[in-house]
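In: Task: produce atomic coordinates for the following.
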Amino acid sequence: MGLFVIVFSCDEAYLEEIPKDFLSPENAFNDPQGFENAMVGVYDRVRDFWEGDWEAYMLFGNYTDYAFSYNPQDYTVQTSTYPWSEMNWNYAYLLLRDAQLIISRAENENVSWDSETQKKEIIAEGRFFRAWGHRLLAHMFGGVPIINEEISSPKTDFVRSSREEVYQFCKEDLGYAIENLPDAGKAPGRVGKAAAYHLLAEVNLCLHDWDGAINAASTVINDPNYELMTERFGRRTDMEGDVYWDLHQRGNTNRNTGNKETIWTIQFDYDLVGGGRGTNWELRWGPFLERTKDPDGENGFIKGENQYGRPVGHFTPTYWLQQTVWEDDWDDMRNSTYNIRREFYYNNPESNYYGQKVTKDVLIPLSQSYRYCQCFYMKACTEWDHPKLTKNDGRIFKDVYAMRLAETYLLRAEAYLGKGDKDNAAADINVVRTRANATSVNPADVDMDYLLDERARELAVEEMRTPTLMRLGLLYDRVKKYSYTLWADDSVTPTLGHETIQPHNNLFPIPQTAIDLNGGAVLEQNPGYD
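Out: From the prediction side, this is the model:
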């Protein structure tokens with residue numbers, strides 16, 4: 001956690017070493033542009049969660065009620081030395097380090113700010129991300145060490161604050177952010193007040209402050225600058241589709257494109273140095289088409305082509321996410337053929353079956369056939385819209401949502417449900433369902449399971465499902481209830497995750513590396529882990 005600040009003692013004075021030939025905290029924070037440059041690094045840290053390795057991607061629903069993996073989904077391997085927890089712990093604390101550095105250095109009297117407002121805005125942005133990172137850690141690990149000051153020398157005596165204390169710390173940071181952030185972000189992908197209110201609604205849910213969550217969410221919902229998109233918009237409206245399809249098209253996610261539902265998006269600019277590689281949702285969530293054979297045993301699909309890119313089925317939607325969650329209203333717009341593809345047609349011109357529909361009987365002899373017959377959530381694809389084709393990537397070339405207004409409605413519904421007000425909870429859910437041309441839910445049918453089902457229908461793939469279930473203490477329950485495999489012969493069997501998950505897996509273990517390096521104090525392990 002050291003921030004590379006070197007201080008030497010020289011009798012009664014201190015000699016501070018300031019590098020001249022490379023950037024450091026000592027020479028980078030002298031003017032507003034230095035802080036802007038540092039904030040770019042903070043956004044890049046956040047983007048790691050969308051762009052990063054396997055362990056980060058599991059936050060989006062792999063090993064939950066959403067999806068399982070062809071890799072062993074054995075929860076017994078989830079120990080303090082397994083990389084699932086360490087990767088996400090490190091990602092979050094690197095973010096907190098960078099955000100805290102901006103917060104601390106902004107108060108230095110030697111910085112030549114143009115105005116007090118300018119200084120407070122950059123601090124507010126830093127405190128938003130300090131809250132975002134702490135809240136994510138609390139969801140995943142429970143109580144964690146709080147970072148509230150710059151750490152300029154090795155520190156080995158961290159202790160865990162309680163989960164409630166962490167959420168309360170987040171709430172204080174978000175109060176400052178709301179007071180000092182601009183109404184809208186300075187540029188696409190930058191956070192403004194609405195993002196802070198949306199995050200505050202979630203934090204208040206964690207504190208069981210139902211009225212606080214309702215008020216925070218209502219501030220965004222009642223803001224005339226934000227509304228659900230109900231008519232087709234943006235790029236590709238000349239193509240067949242619907243408004244939910246439009247929401248997830250490349251070029252449609254940012255507010256400057258006319259999308260008033262957007263609150264905060266993660267930015268990817270594949271053609272710019274430092275612009276990010278893009279999420280590899282296509283690789284993860286799509287069926288393994290490149291190895292799908294035609295009835296002659298030949299490749300039926302082209303690898304890395306413009307239609308589907310390169311999906312390889314790393315994550316397979318559970319039977320529940322593919323079928324069961326839609327059964328009460330199969331005509332829900334979000335389940336349309338534009339948004340979830342269940343039928344595929346051979347696209348390799350060299351195949352004798354070019355243009356013909358793939359039939360499951362060809363897949364049945366294949367091992368891991370569920371990877372080949374799964375549905376494809378098309379928000380995880382840039383179908384016929386890959387500006388840069390590669391045969392080995394499987395990434396999509398679009399900005400993706402971190403927050404949008406549909407989720408704000410569902411957060412407020414959760415707060416109403418917490419208060420026992422099912423009428424208003426149903427009303428908020430039905431705003432989202434009405435946009436999808438789905439049947440309204442009756443208040444008597446609204447409970448936490450139904451709300452999580454609705455989050456799946458609206459937010460699958462794009463939401464961090466694992467932290468959502470962890471903050472509710474329901475990861476174990478939902479995996480036991482819904483984690484089943486659909487095979488090519490239409491049989492349904494429990495996943496390995498279903499068979500091995502235990503109640504203590506509602507939280508990740510504290511990484512053993514963090515415990516071992518913290519020699520000056522005890523960093524207690526979560527119950528159930530060695």
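In: Which stretches in the stretch 51-200 of the chain count as helices?
Out: With DSSP state H, counting those that start in this stretch as the definition, the stretch 51-200 of the chain shows helices at residue ranges 54-57, 83-106, 116-141, 163-180, 193-206.
In: in stretch 485-493, what's buried?
Out: Judged by neighbour count using 16 or more other CB atoms under 10 Å, the buried positions of stretch 485-493 are 485-488. Yep, even glycine has a C-beta here, placed from its N, CA and C like the rest.
In: List the contacts of the residue nearest the centre of the chain.
Out: With the centre of the chain defined as its mean C-alpha position, the nearest residue by CA atoms, centre = their mean is Met464, 3.8 Å away. Neighbouring residues of Met464 by CB atoms under 8 Å, 6 or more residues apart in numbering: 49, 59-60, 136.
In: Tell me the one of those residues nearest Pro295?
Out: Of all the contacts of Met464, the one with the least separation from Pro295 (CB to CB) is Phe60, at 34.9 Å.
In: burial count for the closest one?
Out: With neighbours defined by other CB atoms under 10 Å, the count for Phe60 comes to 25.
In: thought Gln308 was touching Trp285?
Out: Let me fix one detail, which is that residue 308 is Tyr and not Gln. No: Tyr308 lies out of contact with Trp285 (CB atoms under 8 Å); the separation is 11.0 Å.
In: and for the two, which residues touch both?
Out: Applying CB under 8 Å, 6+ apart, one finds that Tyr308 and Trp285 are jointly contacted by 376, 381.
In: re the thing from before, can you name the two of the contacts of Met464 that are farthest apart?
Out: Maximum distance among the contacts of Met464 (CB to CB): 12.7 Å, for Phe60 and Leu136.
In: Tyr308 and Trp285 - which one has more neighbours?
Out: With neighbours defined as other CB under 10 Å, Tyr308 and Trp285 compare such that Trp285 has more, 33 against 25.
In: What spatial separation is found between that one and Tyr82?
Out: When CB to CB, to the nearest Å is applied, the distance between Trp285 and Tyr82 equals 23 Å.
In: what does Gly300 give?
Out: For Gly300, the distance to Tyr82 equals 37 Å [CB to CB].
In: Likewise for Pro509?
Out: Following CB to CB, the distance that separates Pro509 from Tyr82 is 8 Å.
In: go on, Thr439?
Out: Taking CB to CB as the measure, Thr439 and Tyr82 are separated by 43 Å.
In: Lys379 now?
Out: The gap separating Lys379 from Tyr82 is 30 Å, by CB to CB.
In: export the contacts of Met464 to JSON lines and tack on distance to Ala415?
Out: Converted to JSON lines, those look like this (distance: CB to CB, whole Å):
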{"residue": "Phe49", "distance to Ala415": "25"}
{"residue": "Leu59", "distance to Ala415": "23"}
{"residue": "Phe60", "distance to Ala415": "24"}
{"residue": "Leu136", "distance to Ala415": "20"}
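In: secondary structure element for Ile263?
Out: Using DSSP states H and E, Ile263 maps to strand 262-266.
In: could you say what helices and strands that strand packs with?
Out: When contacts are defined as 3 or more CB pairs under 8 Å, 6 or more residues apart in numbering; DSSP states H and E, strand 262-266 sits against helix 32-51, helix 193-206, strand 400-404, helix 405-419.
In: closest one to Arg250 among the ones you listed?
Out: Among the helices and strands packed on strand 262-266, strand 400-404 sits nearest to Arg250 (CB to CB), with 10.2 Å.
In: can you give me the mean pLDDT across that closest one?
Out: With pLDDT averaged residue by residue, strand 400-404 scores 97.
In: One more: stretch 214-228?
Out: Mean pLDDT, stretch 214-228: 98.
In: All the helices of the stretch 201-350 of the chain, residue numbers only.
Out: Here the stretch 201-350 of the chain has its helices, by DSSP H, counting those that start in this stretch, at 210-221, 243-247, 281-285, 319-322.
In: Flag every buried residue along the longest one.
Out: In this case it means helix 210-221. Using 16+ other CB under 10 Å as the burial criterion, the residues of helix 210-221 that qualify are 210, 212-217, 219-221.
In: Just the closest of those residues to Leu459, please.
Out: Within these, the smallest distance to Leu459 is 15.2 Å, found for Ala217 (CB to CB).
In: So the closest one versus Val492, what's the distance?
Out: Counting by CB to CB, the gap from Ala217 to Val492 is 37 Å.
In: Number of residues surrounding the closest residue to Asp31 other than its chain neighbours?
Out: For Asp31, the nearest residue in space outside its immediate sequence neighbours is Ser112; the separation is 5.2 Å by CB to CB, 6 or more residues apart in numbering. Ser112 is flanked by 8 other residues according to other CB under 10 Å.
In: now swap in Ala124 and tell me
Out: Around Ala124 there are 24 other residues, counting by other CB under 10 Å.
In: OK, contacts around it?
Out: In this structure, Ala124 makes contact with 176-177, 179-181, 196, judged by CB under 8 Å, 6+ apart.
In: that older thread, looking at the helices of the stretch 201-350 of the chain, spot the one closest to Val77.
Out: With CB to CB, the closest approach to Val77 among those belongs to helix 281-285: 19.7 Å.
In: C-alpha coordinates for the closest one, PDB please?
Out: In PDB, the C-alpha atoms belonging to helix 281-285 read as follows (Å, rounded to 0.1, in the frame of the first residue of the first chain):
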ATOM      1  CA  TRP A 281     -18.200 -10.300 -22.700                       C
ATOM      2  CA  GLU A 282     -18.500 -11.700 -26.200                       C
ATOM      3  CA  LEU A 283     -15.800 -14.200 -25.500                       C
ATOM      4  CA  ARG A 284     -17.300 -15.100 -22.100                       C
ATOM      5  CA  TRP A 285     -21.000 -15.100 -22.700                       C
END
